[in-house]
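**Student:** sequence and predicted structure below; questions after.
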2 protein chains.
Amino acid sequence: MAHVSVIGTGNMGQAIAGLATKGGNTVEVFGSSDADKHVTGDIVVLAVPYPAVSQVLAQRAEQLAGKIVIDITNPLNFETFDALVVPADSSATAGIAAALPSSRVLKAFNTNFAGTLVAGTVDGQPTTVLVAGDDTDAKALVTGLVSAAGLRAVDAGGLTRARELEAIGFLQITLAAAEKVSWTGGFAVAR
Amino acid sequence: MAHVSVIGTGNMGQAIAGLATKGGNTVEVFGSSDADKHVTGDIVVLAVPYPAVSQVLAQRAEQLAGKIVIDITNPLNFETFDALVVPADSSATAGIAAALPSSRVLKAFNTNFAGTLVAGTVDGQPTTVLVAGDDTDAKALVTGLVSAAGLRAVDAGGLTRARELEAIGFLQITLAAAEKVSWTGGFAVAR
């Protein structure tokens, strides 16, 4: 059991808050009008679109010290749908980790469409959440949170693997936007 | 129906030759002792490990002019399993396409483990082959070849998407090497 703060009230924020609640954790959710409210969770989920992350960090970097911070973003260029806006040899998560040196930053949930988190399944199999990060204890906490909600979690490696997770998220969004997969489908992970 | 040349006799070469045969195409397979034998296929599959591609290109670049060439490689650093050996803002496929300006180069099959091509299924669903490239007619031919063998094929976009396909192939291999997925599992594509 953990206390989870979800920053963002979109479909991903709601889906992750729902998972955390289902797994028996306490959850608080922050909307855009809650800028003055301090986060109290041990685990903080940055569930805002990538362009809004810098503003959240500007407001809350000090509050996030000592906490586990989960970056779920897919830093697409949403005008072209043809590139990421982060450097090719880096990731959104690497940038966030650099801005939060006193936090334990993980990448997770960016390869899952919200609908698959709510349903708990993709193609009849449990939805799998890929988690990358350098802090083993933090990853264990987050994979436990996912498992407690009845989904699967897989340790995808160190924080440098965020780059590959962002590539998967990117491709998955372009496939859904082109109607080649549905927003309730996409990449599943078969054991 | 097409005439398919598979260069490489490893498990991927065998699996792809088997698919092409199953779909009613004629197939020829080239081993390392066949350097002097000319490729005669309309579709040529480079089914050798990435480090061996440059040698194949040195031997056969002229023979490949006018043909559809499928790059299936995952250009991992197999010593560290922690990086690709191609530039971060490019792909193995982009390099091959640059070396073969008179060929129509596609990326395909690199996100499929050989076992899933042979079985035709992942987690009970048809195996999905992701195909990227800039030549629409070439992609249609290759997706048709895959479909004729009873598998699914999805157009993953232009040749620049090879970068994301290589990221997926990379992550999938690291997950299998770490025994987090099996070599008969990995990423499935749910509609």
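**Tutor:** Happy to help now that I have it.
**Student:** how about the least confident helix or strand in chain A by mean pLDDT and chain B, any contact?
**Tutor:** Within chain A, no helix or strand scores below strand A:125-126, which has a mean of 92 by mean pLDDT, DSSP states H and E. Yes: Strand A:125-126 lies within reach of chain B by C-beta under 8 Å from any C-beta of the partner chain, at residue A:125. Any C-beta I mention is one placed from the backbone N, CA and C, and that applies to glycine too.
**Student:** and the helix or strand just after that strand, what does it pack onto?
**Tutor:** Per DSSP states H and E, the first helix or strand lying C-terminal to strand A:125-126 is strand A:128-133. Other helices and strands packing on strand A:128-133, by 3 or more C-beta pairs under 8 Å, 6 or more residues apart in numbering or on different chains; DSSP states H and E, are strand A:104-108, helix A:136-148, strand A:152-157, helix A:162-177, strand A:186-190.
**Student:** closest to residue A:88 out of those?
**Tutor:** helix A:162-177 (8.5 Å; C-beta to C-beta).
**Student:** so what's the gap between the closest one and the chain middle?
**Tutor:** On the basis of C-alpha atoms, centre = their mean, to the nearest Å, helix A:162-177 sits 13 Å off its chain's mean C-alpha point.
**Student:** what residues does chain A put near chain B?
**Tutor:** Residues of chain A lying near chain B by C-beta under 8 Å from any C-beta: A:82, A:87-89, A:122-125, A:154-157, A:160-161, A:163-165, A:167-168, A:170-171, A:174-175, A:178, A:180-182, A:185-191.
**Student:** which residue, neighbours along the chain excluded, lies closest to the residue nearest in space to the middle of chain A?
**Tutor:** The residue lying closest to the centre of chain A (C-alpha atoms, centre = their mean) is residue A:72, at 2.3 Å. Spatial nearest neighbour of residue A:72, chain neighbours left out: residue A:109 (4.1 Å); criterion: C-beta to C-beta, 6 or more residues apart in numbering or on different chains.
**Student:** who touches that neighbour in this structure?
**Tutor:** Counting by C-beta atoms under 8 Å, 6 or more residues apart in numbering or on different chains, residue A:109 touches A:12, A:16, A:45, A:70, A:72, A:117, A:129.
**Student:** how about the nearest residue to residue A:186, chain neighbours excluded?
**Tutor:** With C-beta to C-beta, 6+ apart as the criterion, residue A:186 has its nearest non-adjacent residue at 4.6 Å, and that residue is residue A:172.
**Student:** got the contact list for that neighbour?
**Tutor:** A:111, A:113, A:181, A:186-187 are the contacts of residue A:172 under C-beta under 8 Å, 6+ apart.
**Student:** among the contacts of residue A:109, which two are most distant?
**Tutor:** Pairwise across the contacts of residue A:109, and taking C-beta to C-beta, the largest span is found between A:70 and A:117, at 13.0 Å.
**Student:** more neighbours, the two?
**Tutor:** Per other C-beta atoms under 10 Å in any protein chain shown, whichever of residue A:70 and residue A:117 has more neighbours is residue A:70, with 27 against 22.
**Student:** wait, a strand at that one?
**Tutor:** Yes: Residue A:70 forms part of a strand when assessed by DSSP: H, G, I helix; E, B strand; the rest coil.
**Student:** show the pLDDT at residue A:124.
**Tutor:** pLDDT for residue A:124: 88.
**Student:** nope, residue A:1 is what I meant
**Tutor:** Residue A:1 is assigned 85 on the pLDDT scale.
**Student:** before we move on, what about residue A:50?
**Tutor:** For residue A:50, the pLDDT comes out at 98.
**Student:** okay but it is in contact with residue A:71, surely?
**Tutor:** No: the criterion here is C-beta atoms under 8 Å, and residue A:50 misses it with residue A:71 at 9.0 Å.
**Student:** shared neighbours, these two?
**Tutor:** Counting by C-beta under 8 Å, 6+ apart, the shared contacts of residue A:50 and residue A:71 are residue A:92.
**Student:** neighbour count winner among the two?
**Tutor:** Taking other C-beta under 10 Å, residue A:50 and residue A:71 do not tie; residue A:71 has more neighbours (30 against 22).
**Student:** distance check, the closest residue to the more buried one other than its chain neighbours against chain B.
**Tutor:** Excluding the flanking residues, the one nearest residue A:71 by C-beta to C-beta, 6+ apart is residue A:93, at 4.6 Å. Going from residue A:93 to chain B by C-beta to the nearest C-beta, to the nearest Å gives 14 Å.
**Student:** which pLDDT does the model give residue A:93?
**Tutor:** You'll see residue A:93 listed with a pLDDT of 98.
**Student:** and the strand or helix carrying it with helix A:162-177, angle?
**Tutor:** Assigned by DSSP H and E, residue A:93 falls within helix A:92-99. Orientation check (axes from the mean of the first three to the mean of the last three C-alpha atoms, to 10 degrees): helix A:92-99 against helix A:162-177 gives 140 degrees.
**Student:** other SSEs contacting helix A:92-99?
**Tutor:** Where contact means 3+ C-beta pairs under 8 Å, 6+ apart, helix A:92-99 is packed against helix A:50-60, strand A:68-71, strand A:104-108, helix A:162-177.
**Student:** got the angle for that helix vs strand A:128-133?
**Tutor:** Angle of helix A:92-99 versus strand A:128-133, following the same axes, to 10 degrees, is 40 degrees.
**Student:** now do the buried residues in helix A:92-99.
**Tutor:** By neighbour count on 16 or more other C-beta atoms under 10 Å in any protein chain shown, the buried set for helix A:92-99 is A:92-97, A:99.
**Student:** and of these, the nearest to residue B:77?
**Tutor:** Of the buried residues of helix A:92-99, the one sitting nearest to residue B:77 (C-beta to C-beta) turns out to be residue A:94, at 19.0 Å.
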